[in-house]
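Novice: below are the sequence and a predicted model for it; my questions follow.
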Amino acid sequence: MLKVTFDRPWPLHGTAATRRIEQEAAASLPAHALMERAGLAVARLALAIAPHAHRVWVACGPGNNGGDGLEAAVHLHRWGKAVTVTLAGSPDKLPPDAANAWRKCREAGVPVADALPSAWDLGIDALLGLGSSRPLEDALAAAAGRMSASASPVLAIDLPSGLNADTGNGQSVRAAHTVSLLTLKPGLFTGAGRDAAGELWFDDLGVQAAEAPTAQLAGPAPVRVRAHASHKGLNGDVAVIGGAPGMAGAAVLAATSALCGGAGRVFLAPLDTGFGAAVPGWPELMVRAWDALPLESISVACGCGGGDAVAAMLPAVLSRAKWLVLDADALNAIAADASLQETLRRRGRPTVLTPHPLEAARLLGTSTAQVQGDRLRAAQELGERSKAVVVLKGSGTVIAAPGTTPSINPTGNGRLATGGTGDVLAGLVAAALPVSSDALQAAAHAVYRHGKAADDWPAGEPLTAGALARRLHLD
Ligand SMILES: NC(=O)C1=CN([C@@H]2O[C@H](COP(=O)(O)OP(=O)(O)OC[C@H]3O[C@@H](n4cnc5c(N)ncnc54)[C@H](OP(=O)(O)O)[C@@H]3O)[C@@H](O)[C@H]2O)[C@@H](O)CC1
Ligand SMILES: [K+]
């Protein structure tokens, strides 16, 4: 049993891959062995997270997730806990492993109740796992609702019941802890997964997964030691093109983020002609006209408050920039123009798109709901279409590129949901590209760092985009 910490990458396996792993392992093990291991792991974790809980409600569903709960209930009952089992389903219809666990439960004399309990100290959610196929209804919905609404903590087995293992969608139990079995599932880390799952634990049940991961949970970048004999020319030049009248702040945020994030030199090309020759408070930023910049040799972040005006620069920027980050208004302009889409596809140089779900939907010609319905797939599809790295922002930002395994970022929190943090990210990615040989890795590490700064935010201090950019220097 491992606690899932975000200081290293983890492989993630979706439903199909997990089913294959389960089948292969089950074929080489004695009958019921996997479920017995699962039940013991859950019972041990229950003791560890709630050592003083006496009354334990194990809410079991009609499939093997319920079987895991029944196995756990037998152990907890034997260890002296006041266990109550409820079963949302019929005992005669349980699949074989769960039916075996049901028999053991009855033989051990574990109390089984017809009605949902009214009080308990720890809830164990064994209603649904990988087999969750539609919205929770009737007995399952009633048990899930009561367990989630209680002040007593919930330990979810495999997945918070109702959560889709692949997409992180679905109305589900809200757990304080989730123990993912055999594999870690992508749905725990994106969409609604993070809010539903609580603290995450992983038990491989003694099975080494031979399946290629469906996705990767991103980890931090290796520490980049700057040589003592170093100079600013080695750390990358970044230009930010954006900041139409009334939106200069977005471009300034991206530029300050690139600077604090480690770029050697940062240029700001505001589209507001009345902007002035310098950025107040930031003498390090060099203000230039966009067409006076050596785009062929620098990293460009384009968008960032650029408004409609940015569209006119895009043909030149797309065809000339050595490294390119496209954000916000630049993405909207590309979504509205097939010839820009074609230029983007043909660029052939490192390019990162940083859409939020609505921008991704515009680029894909679909709806936000469809993007959010399967964030991994949407990011991969957009990457394939645009031949670029895609950073699909949101809870569990997805980083994808053509022909590679996508990543989900584990850092960040709801405090990032404030104006300008996306501009800070665009600037940080632009700073990361020139010092990396791999645009996907550079983007993933920048996203991780951006989120980590929010996770490490000092209590009681407001998180604003400007303050976030300044704190990036702590890395
Ligand atoms: N076998 C093993 O060795 C191991 C298994 N393991 C455990 O098994 C879990 C997977 O088990 P599982 O495949 O039986 O799926 P599970 O999630 O329990 O439920 C499926 C049942 O629920 C039903 N159903 C679905 N949605 C519904 C809804 N909304 N409302 C009502 N009913 C609904 C669905 O009905 P159906 O869709 O078929 O009509 C079906 O009857 C996995 O997550 C892990 O915990 C681990 O211990 C490792 C070893
Ligand atoms: K569950």
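Specialist: Everything's here; your move. Ligands and ions are numbered 1, 2, ... in the order given.
Novice: hey, let's count contacts and neighbours off CA atoms from now on
Specialist: OK.
Novice: all strands for the stretch 351-475 of the chain, in order.
Specialist: Applying DSSP state E, counting those that start in this stretch to the stretch 351-475 of the chain gives strands spanning 351-353, 389-392, 398-400, 407-408.
Novice: tell me the residue furthest from the middle of the protein?
Specialist: If you look at how far each residue of the chain sits from its centre, by CA atoms, centre = their mean, the farthest one is Glu107, at 42.8 Å.
Novice: ok, back up a step: looking at the strands of the stretch 351-475 of the chain, which is closest to ligand 1?
Specialist: Closest to ligand 1 of the strands of the stretch 351-475 of the chain, according to CA to the nearest ligand atom: strand 407-408, at 21.0 Å.
Novice: who are the packing partners of that closest one?
Specialist: strand 215-217, strand 398-400 (3 or more CA pairs under 8 Å, 6 or more residues apart in numbering; DSSP states H and E).
Novice: would you turn those into CSV with distance to ligand 2 and mean pLDDT?
Specialist: As requested, the helices and strands packed on strand 407-408 are arranged in CSV below (distance: least, CA to the ion, whole Å; pLDDT from 0 to 100):
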stretch, distance to ligand 2, mean pLDDT
strand 215-217, 21, 98
strand 398-400, 24, 98
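Novice: quick check: residues of the chain near ligand 2?
Specialist: Proximity of the chain to ligand 2 (CA under 5 Å from the ion) is limited to residues Asp125, Ala126, Leu128, Gly129, Ala156, Ile157, Leu159, Pro160, Ser161.
Novice: in this structure the fourth one contacts Gly67, no?
Specialist: No - counting by CA atoms under 8 Å, Gly67 is not a contact partner of Gly129; they are 10.6 Å apart.
Novice: the two - which one has more neighbours?
Specialist: Gly67 (30 against 26; other CA atoms under 10 Å).
Novice: contacting residues around that one?
Specialist: The contact partners of Gly67, by CA atoms under 8 Å, 6 or more residues apart in numbering, come to Met35, Cys60, Asp97, Ala98, Ala99, Ala101, Trp102, Ala126.
Novice: neighbour-wise, give me the winner out of those residues.
Specialist: The contacts of Gly67, ranked by neighbours (other CA under 10 Å): first place Ala126, 31 neighbours.
Novice: just to revisit the earlier point, and the helices and strands packed on strand 407-408, which is most packed in?
Specialist: strand 398-400 (a mean of 31; mean count of other CA atoms under 10 Å).
Novice: residues contacting that one, please?
Specialist: Contacts of strand 398-400 (CA under 8 Å, 6+ apart): 190, 375-376, 379-380, 383, 389-392, 406-409, 440, 443-444.
Novice: about what we covered before: and the residue farthest from the centre of the chain, how far from ligand 2?
Specialist: 24 Å (CA to the ion, to the nearest Å).
Novice: okay, Ala459: pLDDT?
Specialist: Predicted confidence (pLDDT) for Ala459: 94.
Novice: also near ligand 1: which of the contacts of Gly67, exactly?
Specialist: Met35 (CA under 6 Å from any ligand atom).
Novice: in helices, which of the contacts of Gly67 appear?
Specialist: Met35, Asp97, Ala98, Ala99, Ala101, Trp102 (DSSP state H).
Novice: which residue lies nearest the spatial centre of the chain?
Specialist: Gly396 (1.9 Å).
Novice: ok, it to ligand 1 distance?
Specialist: Going from Gly396 to ligand 1 by CA to the nearest ligand atom, to the nearest Å gives 21 Å.
Novice: and what of Ser161?
Specialist: Ser161 is 8 Å from ligand 1, by CA to the nearest ligand atom.
Novice: next one: Val300
Specialist: As judged by CA to the nearest ligand atom, Val300 and ligand 1 stand 45 Å apart.
Novice: ditto for Thr368
Specialist: 24 Å.
Novice: that residue against Leu358, yeah?
Specialist: Yes - counting by CA under 8 Å, Leu358 is a contact partner of Thr368 at 5.1 Å.
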